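Q: Need the 3D shape of this:
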Amino acid sequence: MFKNYLKTAWRNIVKNKFFTLINLLCLSLGITFSLLIGIYIFSQFNVNRNLKNINNQYVLKSKWKQKEMGLAITTLPPLAKILKDEYPELVNNYYRFNPVTNVVSNGNIHFKEDIAIGDTSLVSMYGLPVLYGNAKQAFRDNNSAVITASMATKLYGTTNAINRPLSIRTLKSGESQQYIVTAVLDDIPYNSVLNIIDIKGYSVFVPTAGNRYYPNIVDPSLNWNNTGIGMIEISPNISVKILNDAVKKILKKYTSNYIQINLTVEIVPIKDYYLKDNNGAVNKMILTLSLIALFILLMAVFNFVNINIGTSSSRLREIGMRKVFGSSKKQLVIYSLTESILLTVISGIFSLFFYELLRPYFSQMFSSILPHIWFFHFFEIGYLILLVLFVGIVSGLYPAFWLSNLQTVQSVKGVLQLDNNGNLLRKVLLILQFSLGIFACISAWLISTQINYIFAKDLGYDKEQLMVVSAFPKQWDTAGLQKMESIKKSLLDLPDVKSVSLTFNLPDNTPNNSTIDLMPINGSDKPIVTPFFQADQDYATTFQMKMLRGSFLRKGLEGYVPGQIVINEKTARALGLSIDDAIGTQLTTLQGIKVTVSGIIKDYNFENLHEAIGPIAIVDVRDAIAYRFLVIKLNVNQNLSKTIANIQQKWKEVSPDAPFDYTFMDDTFASLYKTEIQLKKAFGVASFLNLLIIFLGLSGIVSYSLAKRKKEIAIRKVLGADVGKVLYLLIKEYSMILVLGNIIAWPIAYWFTSKWLHSFVYRIHSNWIYYLIVGVAISVLTCSLIIIESLRTVKRNPVKSLRSE
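A: The predicted structure is shown next:
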């Protein structure tokens, strides 16, 4: 019986080649897009699932009364250990680390690497896979280093690096600390432990005990006034509320009134940390992508249903004869569903080809490598099978029941008169298709316009032709500063270098861990908590920032003038300073330190455009020696690669034992909006696919409708109707569908785009002109398609049409 169903289904598929091709293409595109999105979403949900005891792992975050007071991702270093020591029934284990970036070396081989200086519980607490070495003795002494397999390959040319020497440059003048590799970790997928700050993740792990990275600091994890990353593993069946009570008691016992008043510790599960961090940005992205994939799949399903209902008259006699010979309603439904599922299975096979074709583009768009089809695992194969079955059943269900419910006599005669329900369903599906298409196009346009606005906006500095070089070695003392000055002078000899600045921070949304408490000049005892960073006198020139008053860290008669500070407009207003009279004003910090305002800088966006410009202060790098970047302003019209090579050569001459690591400021800026750019691309693809599916389906529906109305059109022409009137009648049928599609799509698009745009402080306005242009454009395209399809029938000789009837 089933074999007979398959044969008949195949015969019907082959017989209606044009409509089969449309259905195959639409269903294949819908399944392909859903497969690509589904596999990416699965990879996002799978982040952190490979960690041991993940349901009991938590990260300690900080919520300060003012965001400038501290970083949300950090906590008080002793907290996790004290929780374990004083509440062992609540906390099983803890891991704390301090993230640093510096030079890691093996002899004359040097690399810039992200290093985690932390507790020795890392491997055992999270069950990290060890390729070489003993997991239980990964940190056997204070000179042990654990590295990743990729790091081992870079440094030693092999993953088996056990007992190999490794050195890490410290912040002390000319000093490196020596280690021995005691364990090599397998390269671990992205997770919220190793990638909690840096998307690249940490490659070198060394113990806090005995670490000499910071001069004059024995163990920063013991300092309640310091900050670091803190994580805990709680006992099973312990609630977060009980932990919160324990944390409050510890803070009251060990910390100052300032911390107790301003800090709330948040205990966040690591399991969902990746999805829910940054106001749930990843979760929102996943939801949006899921809806886009569902919409495109529904468009293909709607097409299938519409075309199947429209072309059903060619199968009426077959259905009628099956009823006459005793086929039950159930058998007829199975027969019809077999055809739709078979067609969907074929579409699923084609979708694998489209998947491979589009996989590189989507991998780049999502910054995530999607697997080749020959590397599919159980999930990918199962997901594809379920997708095909779901689409096949949903697509064929209504046409199957509709055909099986037709009267036997009507079916045998081959006479099909769509009832009100049949006509209504077809129109509703078309309206929904146009609504989804219009919604996708409006959203894509507004998202694209906002992204373009972001990249075109005056940020208060010039990000073009800014080369950012990691300032190695990080030797935070006078000798290190002099070395950086030597590098600067050497680089300025190059004709393509306009200026160079040494700085600790970039305007790249990197959280600022340093604040200065400035007292207002009106006598208030409430300090203005202001983020600050160190820079040299060339910072404003290099970034082409506008000085409103004064100078950027002015020079005295003998050069360097200590105790200077540059503030922006926001800081000046918060302190009660007049822009005109602020220069030379002496400010006092909460600790009683005196600083003098040397310049007022125009407000600039040092965070992303989701955030309003806040207060910022800049102090002379010579007052508090700490730096991370050399920023080079280039003047290159052509041959950028040659300029980079010249800069690298100068770098090697002055600092031969430091790696030359660089990026460009415009690339760094673009990385701030990775999620938004992904959304822009996803909506662009969705808009194209939506319109393609709509117009493919519409082409099939119009073609079949015209074929059934040849006689009517011929009679109208015989009775004197010209081509224009006939075309008008045909277009009129779809005009109300287009109007209703716009009426439904516009408010939904307005709600969605407004909500998305309001996540930006600096944004475009959702003008009605976007909606009108999209609505008119899709209407014109639809009418053009109808006219093109109709002209062949309308221009046909009416005598031939009537004769063929």
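Q: Centroid-nearest residue for this protein?
A: The chain has residue 675 as the residue nearest its centroid, 2.7 Å off, counting by Cα atoms, centre = their mean.
Q: Pretty sure that residue sits against residue 281.
A: Yes: Residue 675 is within contact range of residue 281, at 5.5 Å (criterion: Cβ atoms under 8 Å). Heads up, the C-betas are built off the backbone N, CA and C, glycines and all.
Q: what sits against the closest residue in space to residue 138 that isn't next to it in sequence?
A: Spatial nearest neighbour of residue 138, chain neighbours left out: residue 183 (4.0 Å); criterion: Cβ to Cβ, 6 or more residues apart in numbering. Residue 183 is in contact with 123, 130, 132-135, 138, 144, 146-147, 162, counting by Cβ atoms under 8 Å, 6 or more residues apart in numbering.
Q: Just the buried subset of those residues, please.
A: Buried members of the contacts of residue 183, counted by 16 or more other Cβ atoms under 10 Å: 123, 130, 132-133, 138, 144, 146-147.
Q: how about JSON lines for those, with distance to residue 191 added?
A: Output for the buried ones among the contacts of residue 183, formatted as JSON lines (distance: Cβ to Cβ, whole Å):
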{"residue": "123", "distance to residue 191": "14"}
{"residue": "130", "distance to residue 191": "16"}
{"residue": "132", "distance to residue 191": "21"}
{"residue": "133", "distance to residue 191": "20"}
{"residue": "138", "distance to residue 191": "17"}
{"residue": "144", "distance to residue 191": "22"}
{"residue": "146", "distance to residue 191": "16"}
{"residue": "147", "distance to residue 191": "17"}
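Q: which one of these is nearest residue 172?
A: Each of the buried ones among the contacts of residue 183 was checked against residue 172 using Cβ to Cβ; the closest is residue 144, at 20.8 Å.
Q: wait, what's in contact with that closest one?
A: Going by Cβ under 8 Å, 6+ apart, residue 144 touches 138, 179-180, 182-183, 206-207.
Q: and it, how far is that from residue 637?
A: 51 Å (Cβ to Cβ, to the nearest Å).
Q: just residue 88 next, same as before
A: Residue 88 is 66 Å from residue 637, where distance means Cβ to Cβ.
Q: Same check on residue 660?
A: Taken as Cβ to Cβ, the span from residue 660 to residue 637 is 23 Å.
Q: of these two, who's got more company?
A: residue 660 (17 against 8; other Cβ atoms under 10 Å).
Q: hang on, the earlier thing: with respect to residue 358, which of the buried ones among the contacts of residue 183 is nearest?
A: Lowest distance from residue 358 to those (Cβ to Cβ) belongs to residue 147, with 36.5 Å.
Q: Got the phi and psi for that closest one?
A: phi -130, psi 160 (degrees, to the nearest 10).
Q: now do residue 106
A: Note on residue 106: its backbone torsions stand at phi -130, psi 90 [degrees, to the nearest 10].
Q: neighbours around it, how many?
A: 18.
Q: Report the contact partners of it.
A: With contact set as Cβ under 8 Å, 6+ apart, residue 106 has these partners: 155-156, 164-167.
Q: returning to that earlier point: which of the contacts of residue 183 fall in helices?
A: Using DSSP state H, residue 123 are the members of those that sit in helices.
Q: need the contacts of residue 183 in TSV with pLDDT, can you?
A: Output for these, formatted as TSV (pLDDT from 0 to 100):
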residue	pLDDT
123	92
130	93
132	93
133	91
134	90
135	89
138	91
144	93
146	95
147	94
162	94
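Q: Show the pLDDT at the residue lying closest to residue 297 once chain neighbours are set aside.
A: Of all residues not flanking residue 297 in the chain, residue 30 sits nearest, at 4.4 Å (Cβ to Cβ, 6+ apart). Note on residue 30: pLDDT of 90.
Q: so where's the stretch 701-805 of the chain uncertain?
A: Scanning the stretch 701-805 of the chain for pLDDT under 70 picks out the ranges 703-727, 729-730, 790-805.
Q: can you do 90?
A: Residue ranges of the stretch 701-805 of the chain with pLDDT under 90: 701-738, 756, 759, 765-768, 779-805.
Q: same thing with the stretch 301-450 of the chain?
A: Ranges of the stretch 301-450 of the chain meeting pLDDT under 90: 301-344, 363-370, 375-380, 387-434, 436-437, 440.
Q: Repeat the analysis, applying 50 as the threshold.
A: Scanning the stretch 301-450 of the chain for pLDDT under 50 picks out the ranges 325, 408-416, 418-420.
Q: Break down it into its helices, ranges please.
A: Counting by DSSP state H, counting those that start in this stretch, the stretch 301-450 of the chain has helices at residues 316-324, 329-366, 378-404, 408-413, 420-456.
Q: Dump those to a markdown table, plus mean neighbour count and distance to residue 476.
A: Output for the helices of the stretch 301-450 of the chain, formatted as a markdown table (neighbours: other Cβ atoms under 10 Å; distance: least, Cβ to Cβ, whole Å):
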| stretch | mean neighbour count | distance to residue 476 |
| --- | --- | --- |
| helix 316-324 | 17 | 84 |
| helix 329-366 | 19 | 38 |
| helix 378-404 | 18 | 49 |
| helix 408-413 | 15 | 88 |
| helix 420-456 | 20 | 35 |
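Q: measure the residue nearest to residue 138 to residue 147 for me?
A: In this view, residue 183 and residue 147 are 8 Å apart by Cβ to Cβ.
Q: what about residue 687, how many residues close to it?
A: 22.
Q: That one and residue 444 touch, don't they?
A: Yes: using Cβ under 8 Å, residue 687 is in contact with residue 444, at 4.4 Å.
Q: Is the residue nearest to residue 297 within a helix or a strand, and which one?
A: According to DSSP states H and E, residue 30 maps onto helix 17-45.
Q: Kindly report the same for residue 300.
A: Residue 300 belongs to helix 273-310, assigned by DSSP H and E.
Q: Also residue 587?
A: Counting by DSSP H and E, residue 587 is part of strand 586-588.
Q: Tell me the helix or strand right after the host helix or strand of residue 183.
A: In the assignment (DSSP H and E), residue 183 maps to strand 176-185. The helix or strand immediately downstream of strand 176-185 is strand 204-207, counting by DSSP H and E.
Q: Can you show me the strands along the stretch 701-805 of the chain?
A: Counting by DSSP state E, counting those that start in this stretch, the stretch 701-805 of the chain has no strands to list.
Q: For it, just list every one of the helices.
A: Secondary structure of the stretch 701-805 of the chain by DSSP H, counting those that start in this stretch: the helices cover 710-718, 723-757, 768-794, 798-804.
Q: who's in contact with the closest residue to residue 53 other than its chain neighbours?
A: Of all residues not flanking residue 53 in the chain, residue 233 sits nearest, at 6.0 Å (Cβ to Cβ, 6+ apart). Contacts here follow Cβ under 8 Å, 6+ apart; on that basis residue 233 touches 53, 56-58, 91-94, 125.
Q: next one: residue 487
A: Applying Cβ under 8 Å, 6+ apart, the residues near residue 487 are 630, 650-651, 654-655.
Q: Model confidence at it, what's the number?
A: Looking at residue 487, its pLDDT reads 90.
Q: Use 34 as the first number for this chain going forward.
A: Sure, I'll start counting at 34 from here, so that last one is residue 520.
Q: Quick check: phi and psi on it?
A: For residue 520, the backbone dihedrals are phi -60, psi -40 (criterion: degrees, to the nearest 10).
Q: State the distance from it to residue 798.
A: Counting by Cβ to Cβ, the separation of residue 520 from residue 798 is 46 Å.
Q: Same check on residue 183?
A: Distance, residue 183 to residue 798, using Cβ to Cβ: 47 Å.
Q: These two: which is more packed in?
A: Between residue 183 and residue 798, residue 183 has the larger neighbour count (other Cβ under 10 Å), namely 15 against 10.
Q: Look up the closest residue to that one, ignoring the ones flanking it.
A: That would be residue 220: by Cβ to Cβ, 6+ apart, it lies 5.3 Å from residue 183.
Q: Next up, the contacts around that neighbour.
A: Residue 220 makes contacts with 181-183, as judged by Cβ under 8 Å, 6+ apart.
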